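Peer 1: sequence plus predicted model, see below.
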Amino acid sequence: MSDHWGYFAGLQRSYSSRIWFVKFMNFKSGPAGFNQAFIYVITVLITGCGIGILVSIVASLMVSMITALAEYQAGQGNILPMIPGVDGSLVPMGLLVVAAILIGIIRRLFNITRWHGPADSIYSAHRTDNQLDVKAGLGSSLAAFVSLGAGAPVGQYGPLVHFGATIGSYLKQLTNNQNIGVDVFIGCGVAAAIAAGFHAPIAGIVFAHEAVLRHFSFRAMTPIAIASITSEWFSTAIFGSTPIFTISVSITDLLPMVPALLASGVIFGLLAVGFMLSLFYAGNLAGNLAKKRGLTPFGLMMVAALTCGIVALFVPEIMGDGSTEISQMIGGHYAVHFLLVLLVLKLLLTSLCIGFGLFGGVFSPSLFIGAAAGGVIGKFLAFLGLAITPSLMPVVGFAAVTAAVVGAPISVVLVVLELTQSYEFAVAAMLVAVVSCFVSSLVFGHSFFDEQLRLRGIDIAQGRGNLQLMGQSISNVVSDDYVRLCADMMVADAVVAIAGEGKSEGYCLRDNGAFIGKCNLYDLITAPQDQAIKRYLMSTPIYLKDNASIMQSIEIASKFVGETIPVIDQGTGHLVGVVSEADIFEAYLAAQNHVRDLEHG
């Protein structure tokens, strides 16, 4: 008896495995289906490895060159005359002025009206009909490289993320790959950039899903994981691995520090909000100066360059991405008053540079500002006599502020874990980061990038489905299946025409197709049959503009009662066509089904 049950159980397992394979790969069974599955697997491997290696090379070269330029700049402190009474050099100011000139040239060559960054990557990943602007992406990345090479107090990881996304989007266009969506290509580029920049492949995988794609699926995770791990491996093998900082201190007991960590999370969240508001204020200030004072983009960049150069004469530590200074903060080598100076100046000058056109990222400045604030809080707690690990607060500080600014607490905590190799530091960073993100989301919003998109009229929080519906015009689903009438037609003739087509409504148009109005069959049947229909047209019929989106049409149709809704060309007043509630609902279901397949495939 047991042999029979074993036989049937084996058949069931075999059958289930076969069905699972076919269902998972979504291919037909048999030789043709196996070939398709094999081709798909090879495509995923080539896509992940290819993007990972390509982004790794570019990202590693960019980071290495920026580091080399910073070292060269530090060694040229006496190349220009020194100013009596100050320790700084005029070299940073000179380099920033040159950078402003070069960025102005880049802006012209690439015809860039605004700089592109991670916000554009996020938006593109949420749309199926929107590829990244490769030319603008390359120009923006080049401008960021020039700013960083000159020592501007901006970040390098944001431009790297967008550059990785741009490479992914370009490869999607180049290969015309139909098996993998553009969002996955973008996610591969983003993960590879983070992995190469931080030498943190796990953080790269999670960041691509958490901050950019904002959904998890096996089909997306596999190529993204391959790209991230390949990028980190290739970067380490070719360029070596130099951690941003090292920590030799360990935490013995985290529990007594929990109250201080919770309280500091609120402070870090408010500080992140202040930094993001400062960034937007600087951008608005630049716009006002351009309108009221006539300052050109080059003039605005010169203002930022000269201001940063003057400040650098007295506090050169605020220049560059600040990785060296972060290590000093973690080591506790700065006094409280100097940490406060660094915090305030970095926040203000980064905002000035980004707002006035010396383009760069916000990742590194967020790390710097958070570490400085953490250093201040750590020294204050030590002054109060509270037992706390000195290196802990700067680490959780940069994690908390960065997590709130970029909207990716899990990713940032994983960066801490992979860099410190400390479970205790990661747990502490997670506790503070989630509190910081909670506070900043209540006061400000999800992230700096989401707010950038919101100011452009794009609400990522609506989700892929609504964004897709907002991006589709109602003119794509209009129909010409309607009864055309003229204003002088008799009611009796109109009744015959409408009923003969099996409709309940007719549309009254001029000879040139201009819309006059619509009429209802029931109203015409009860009206005198020997009168013209123009007396019985609906006075204020609900209609749609030809440039209205599906989402807008849904809102308007929610108040509609009838057979079809006219779609009017606002420029000419002509009737483009008609749509029914069923047409709109069908477009809505198609969008939702597409999003479901994308996010759960």
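Peer 2: The structure has been received and is ready for your questions.
Peer 1: biggest helix in the chain by residues?
Peer 2: helix 31-74 (DSSP state H).
Peer 1: for this structure, what are the low-confidence residue spans?
Peer 2: 1-38, 73-88, 128-130, 178, 242-252, 387, 464-469, 471, 539, 594-601 (pLDDT under 70).
Peer 1: care to break it down by domain?
Peer 2: 31-75+110-239, 255-295+306-458, 469-600 (automatic domain parsing).
Peer 1: now mean neighbour count and distance to Ile103 too, for those domains, in a markdown table please.
Peer 2: Every C-beta, even on glycine, is put in place using the N, C-alpha and C of the backbone. Converted to a markdown table, these look like this (neighbours: other Cβ atoms under 10 Å; distance: least, Cβ to Cβ, whole Å):
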| stretch | mean neighbour count | distance to Ile103 |
| --- | --- | --- |
| domain 31-75+110-239 | 22 | 5 |
| domain 255-295+306-458 | 21 | 7 |
| domain 469-600 | 16 | 32 |
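Peer 1: past the longest helix of the chain, which element shows up next along the chain?
Peer 2: helix 91-109 (DSSP states H and E).
Peer 1: what's that following helix in contact with?
Peer 2: Residues from elsewhere that reach helix 91-109 (Cβ atoms under 8 Å, 6 or more residues apart in numbering): 73, 76-77, 79-80, 112, 139, 142-143, 146-147, 149-152, 297-298, 301-302, 304-306, 308-310, 312-313, 316, 319, 357-359.
Peer 1: just give me the residue right at the centre of the chain.
Peer 2: Nearest residue to the geometric centre of the chain (Cα atoms, centre = their mean): Ile122, 2.5 Å.
Peer 1: so what's that one up against?
Peer 2: Ala211, Val212, Arg214, Phe449, Asp450, Leu453, Ile460.
Peer 1: and of those residues, the nearest to Arg510?
Peer 2: Leu453 (42.4 Å; Cβ to Cβ).
Peer 1: would you agree the closest one is in contact with Ala119?
Peer 2: Yes: between Leu453 and Ala119 there is a contact at 5.3 Å, judged by Cβ atoms under 8 Å.
Peer 1: where do the strands sit along the stretch 151-300 of the chain?
Peer 2: With DSSP state E, counting those that start in this stretch, there are no strands along the stretch 151-300 of the chain.
Peer 1: between the contacts of Ile122, which is closest to Ile229?
Peer 2: Looking across the contacts of Ile122 and measuring by Cβ to Cβ, the closest to Ile229 is Val212, at 17.6 Å.
Peer 1: residue contacts, the closest one?
Peer 2: Pro118, Ser121, Ile122, Ala125, Val161, Ala165, Ile186, Gly187, Val190.
Peer 1: with the residues you listed in mind, which one is nearest to Asp480?
Peer 2: Ala125 (36.0 Å).
Peer 1: OK, contacts around the closest one?
Peer 2: Ala165, Val182, Asp183, Ile186, Gly187, Val212, Leu213.
Peer 1: related to what we said a few turns ago, so how far is the helix or strand containing the residue nearest to the centre of the chain from its chain's centroid?
Peer 2: If you go by DSSP H and E, Ile122 is part of helix 118-125. Chain-centre distance of helix 118-125: 4 Å, with Cα atoms, centre = their mean, to the nearest Å.
Peer 1: can you offset everything so residue one is 48?
Peer 2: Right, with 48 as the first residue, what we last looked at is helix 165-172.
Peer 1: hang on, the earlier thing: could you list which of the contacts of helix 138-156 belong to helices?
Peer 2: 120, 186, 189-190, 193-194, 196, 344-345, 348-349, 351-353, 355-357, 359-360.
Peer 1: ok, back up a step: tell me the angle the longest helix of the chain makes with helix 138-156.
Peer 2: 140 degrees (axes from the mean of the first three to the mean of the last three Cα atoms, to 10 degrees).
Peer 1: and the two most separated of the contacts of Ala172?
Peer 2: Val229 and Val259 (12.0 Å).
Peer 1: relative to Met348, how far out is Thr449?
Peer 2: 26 Å (Cβ to Cβ, to the nearest Å).
Peer 1: related to what we said a few turns ago, present the domains of the chain as a markdown table; the columns should include distance to Val138.
Peer 2: A markdown table is the format used below for these (distance: least, Cβ to Cβ, whole Å):
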| stretch | distance to Val138 |
| --- | --- |
| domain 78-122+157-286 | 6 |
| domain 302-342+353-505 | 9 |
| domain 516-647 | 48 |
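Peer 1: contact partners for Ala238?
Peer 2: Applying Cβ under 8 Å, 6+ apart, the residues contacting Ala238 are Gly211, Pro248, Gly251, Ile252, Phe254, Ala255, Ile271, Ala272, Ala274, Ser275, Ser278.
Peer 1: next step: the residues you listed restricted to helices.
Peer 2: Gly211, Pro248, Gly251, Ile252, Phe254, Ile271, Ala272, Ala274, Ser275, Ser278.
Peer 1: ok, those residues vs Thr222, which is closest?
Peer 2: Ala274 (14.6 Å).
Peer 1: that closest one is in contact with Val231, isn't it?
Peer 2: No: applying Cβ under 8 Å, one finds Ala274 not in contact with Val231, separated by 9.5 Å.
Peer 1: need the overlap of contacts for these two.
Peer 2: With Cβ under 8 Å, 6+ apart, Ala274 and Val231 have common neighbours Thr94.
Peer 1: pull the most distant pair out of the ones in helices among the contacts of Ala238.
Peer 2: Gly211 and Ala272 (14.8 Å).
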